[in-house]
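# 3D model of this:
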Amino acid sequence: MNEPVFFGERLYSPGDIGSCPDIRPDGIYLDGHRVIRLGLQGVGVGENIGDLLAYRQLWEPYIQAHLNLWRNVNELLESTPTAKKCPKGIFKMSEASKELNDAELGYCASLNISRMYTSSTYPLGILTQWNAWSGKSSSEILAGAKSMLEWHQSVVMSVGGPYKDELFQIANIWGLAVELPEVPEFSKQQEIRARIEGAYITAKGVLQIIGYGIGETLEMAGTTAEAVAVGLQETAKKLPGAVPKPWTWVAITGVLAVVGAGVLIYYVPRTQRVKAAA
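Next up, the predicted model:
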């Protein structure tokens, strides 16, 4: 059997992650209907792809939440008259008009990065990276189990790390309040990791327990006990404290004069837990 797995265009609307399918022992279900039959025989690397897909499924609400936060920011920035002074689409700052002042240049930089991360085609886009394995066949997923797991884990760390820092930077500049989503429960992460390592020899030691450290920074630990011991949390602080890393795009001064301060944007993360495969 060599059918495409579920996280390609087959089940997800273009430009969106979409709803999470239900992974069961006999197959992958969407809206109550089985769309992919599981039970593929691997060659020394596990008996089916359900556990591999379960890791992606576990983190999808988190990735979706960050994508929605960036979309909120992008929608806000695109809605102001100043946006019309910036180049269209994704651009290099050298392409911006020489007549723009520092505040307007800073605005265009913020707008540009929001376009990058919300794009469904740009290499640095959240969707582009999360769906990098889209359309792979079941046999390809089995053969590339270690690489796929490493890839998805790295995307989680990037979206919840450097991307989050830039989101905070923009939020601080524009007076936005951001509430970060919860990470999956440590026990759920450990459960899926143990199941994967029990079935896929090549995946041993690949996955880590991920939680929030000081300053809402994602950190990894070897076990749930280790994560708790070093103070990792499943939920970030409710207040947008935390000083982000230095801004790496352009120096921004007086930006609040462009659109004003006091804008409030919240994304309330979903509390529904992903049902693990049996």
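# which strand or helix spans Thr235?
Using DSSP states H and E, Thr235 sits within no helix or strand.
# residues contacting Gln189?
Contact analysis of Gln189 by CB atoms under 8 Å, 6 or more residues apart in numbering lists Leu58, Val183, Leu207, Ile209, Ile210, Thr224. Backbone N, C-alpha and C define where each C-beta goes, glycine included.
# may I see those arranged in TSV, with distance to Thr217 and pLDDT as well?
Shown next, in TSV, are those (distance: CB to CB, whole Å; pLDDT from 0 to 100):
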residue	distance to Thr217	pLDDT
Leu58	20	92
Val183	12	96
Leu207	19	95
Ile209	15	97
Ile210	11	98
Thr224	19	94
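# quick check, nearest of those residues to Val156?
Ile210 (6.4 Å; CB to CB).
# give me the buried positions along the helix or strand containing Ala171.
Counting by DSSP H and E, the element that carries Ala171 is helix 162-174. Residues of helix 162-174 classed as buried: Tyr163, Lys164, Asp165, Glu166, Leu167, Phe168, Gln169, Ile170, Ala171, Ile173, Trp174 (neighbour count, 16 or more other CB atoms under 10 Å).
# swap in stretch 73-91?
Under the neighbour-count criterion of 16+ other CB under 10 Å, stretch 73-91 has Val73, Asn74, Leu76, Leu77, Thr82, Ala83, Lys85, Cys86 buried.
# farthest-apart pair in these, please.
Val73 and Lys85 (18.1 Å).
# so, low pLDDT: which residues of the stretch 1-150 of the chain?
Residue ranges of the stretch 1-150 of the chain with pLDDT under 70: 1-48.
# how about 90 then?
1-54, 57, 76, 80, 82, 92-97, 99, 101-107, 133-145 (pLDDT under 90).
# now do the helices in it.
Secondary structure of the stretch 1-150 of the chain by DSSP state H, counting those that start in this stretch: the helices cover 50-78, 102-118, 126-130, 138-143, 145-159.
# adding distance to Ala96, write those out as JSON lines.
Formatted as JSON lines, those follow (distance: least, CB to CB, whole Å):
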{"stretch": "helix 50-78", "distance to Ala96": "14"}
{"stretch": "helix 102-118", "distance to Ala96": "5"}
{"stretch": "helix 126-130", "distance to Ala96": "24"}
{"stretch": "helix 138-143", "distance to Ala96": "42"}
{"stretch": "helix 145-159", "distance to Ala96": "26"}
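# and of those helices, who's closest to Val178?
That would be helix 50-78 among those, by CB to CB, at 6.2 Å.
# list the buried residues of the closest one.
Applying 16+ other CB under 10 Å to helix 50-78 flags 50-74, 76-77 as buried.
# and Val178, how far is that from Asp165?
As judged by CB to CB, to the nearest Å, Val178 and Asp165 stand 12 Å apart.
# and what of Trp130?
Counting by CB to CB, the gap from Trp130 to Asp165 is 19 Å.
# which one is His66 nearest to, not counting chain neighbours?
Closest residue to His66 apart from its sequence neighbours, by CB to CB, 6 or more residues apart in numbering: Val159 at 4.9 Å.
# hmm, that neighbour is touching Ile126, no?
Yes. Val159 lies in contact with Ile126 (CB atoms under 8 Å); the separation is 5.8 Å.
# quick revisit: closest to Arg195 out of the helices of the stretch 1-150 of the chain?
Nearest of those (CB to CB): helix 50-78, 5.1 Å.
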